[in-house]
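3D, please:
(one chain, ligands or ions: 1)
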Amino acid sequence: MARKGSWPSGSRTGAGARGGSPRGAAVRVKTAGRRKASSTQWLQRQLNDPYVREAKRLGYRSRAAFKLAELDDRFHLLKPGLRVVDLGAAPGGWTQIAVQRVGSDRGKGFVLGVDILDMPSIAGATLMRADFTAAETPVRIKAALGGPADIVLSDMAAPATGHGQTDHLKIVALAEAAYDFATEVLAPGGSFVCKVYQGGAEGELLQRLKRDFADIRHAKPPASRSESAEVYLVAQGFRRPAA
Ligand code: SAM
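Residues are numbered from 1 along each chain as shown. The predicted model follows:
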């Protein structure tokens, strides 16, 4: 089992959104004629989510930005000048955090965001619209990178089917594909972060990570909703697997 640990008490984003306690009065959404109850619940949750409000205030494209910021605050992954590949990047919150922290908007480092969906440009990042599972995509990413990467991030998730086991298997398949690619581009000492679901199907991936990295952790950042089964695997200290 990978190790778990605690979170630092503050976030370098200065978001003040940690802990999940909404600031200000809770917003209530009236049930409207044609809107489904589930949509009303979603809207109410969005309007009352402090991370959503902070993301809007700070100009982040998604509340997910805080998940990477919190992971980085704890594990010190993103240092100025590093080269980052962000898989499953849309709408761009993780890419924005990576750009800020490696300094690629100030001429340091390099950030490449890849997603099957289109997304508007982000200053300091190179964006690629591509299905990561398509055979040509890793080749295209390597060409855009033009050298090794220090970090490969994967927040990829296929749209949820509502069937837990199916979603779990799909997310692990994407994480495994991301790691297959990471082994080809990561520099020695590099890091790999991927989203998986709590519940175990990532066993084989975990074994490979244990073999290939000095340190592996499971981490659920405070910005990850407690009702979500998502959890992140954070692997640091890449040692190239023997051929
Ligand atoms: N990290 C993002 C952020 O901070 O805004 C949020 C990522 S969202 C949870 C998951 C993303 O994975 C979606 O944008 C989805 O399009 C992408 N995705 C899923 N399957 C993919 C695939 N096969 N290739 C590329 N992207 C994929």
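
tell me, how many residues neighbour residue 67?
26 (other Cβ atoms under 10 Å). C-betas here are computed from N, CA, C, even on glycine.

can you check residue 237 too?
Look at residue 237: counted by other Cβ under 10 Å, it has 13 neighbours.

which of the three states applies to it?
Under DSSP: H, G, I helix; E, B strand; the rest coil, residue 237 falls in the strand class.

quick check: it vs the ligand, distance?
Per Cβ to the nearest ligand atom, to the nearest Å, residue 237 is found 23 Å from the ligand.

identify the residues contacting stretch 114-133?
Contact with stretch 114-133 is made by 61, 85-92, 95-96, 98-99, 104-106, 110-113, 136-138, 140-141, 144, 156, 174, 177-178, 181, as judged by Cβ atoms under 8 Å, 6 or more residues apart in numbering.

would you mark the buried spots in the lowest-mean-pLDDT helix or strand in the chain?
Within the chain, judged by mean pLDDT, DSSP states H and E, the helix or strand with the poorest mean is helix 37-47; its value is a mean of 71. By 16 or more other Cβ atoms under 10 Å, the buried positions in helix 37-47 come out as residue 44.

after it, next one along is what?
helix 50-58 (DSSP states H and E).

any idea of the angle that following helix forms with helix 37-47?
60 degrees (axes from the mean of the first three to the mean of the last three Cα atoms, to 10 degrees).

helix 50-58 and the ligand in contact?
No - against the ligand, helix 50-58 shows no contacts by Cβ under 6 Å from any ligand atom, the least distance being 9.3 Å.

list the buried ones in stretch 111-119?
By 16+ other Cβ under 10 Å, the buried positions in stretch 111-119 come out as 111-116, 119.

likewise stretch 66-78?
Across stretch 66-78, burial judged by 16+ other Cβ under 10 Å covers 66-75, 77-78.

kindly report the same for stretch 204-217.
Judged by neighbour count using 16+ other Cβ under 10 Å, the buried positions of stretch 204-217 are 205-206, 208-209, 212-213, 216-217.

those residues: which ones sit near the ligand?
With Cβ under 6 Å from any ligand atom as the criterion, no member of the buried residues of stretch 204-217 is in contact with the ligand.

report the contact partners of the residue lying closest to residue 102 once chain neighbours are set aside.
Leaving aside its sequence neighbours, residue 102 sits nearest to residue 109 (Cβ to Cβ, 6 or more residues apart in numbering; 3.4 Å). Contacts for residue 109 (Cβ under 8 Å, 6+ apart) come out as 80-84, 102-103.
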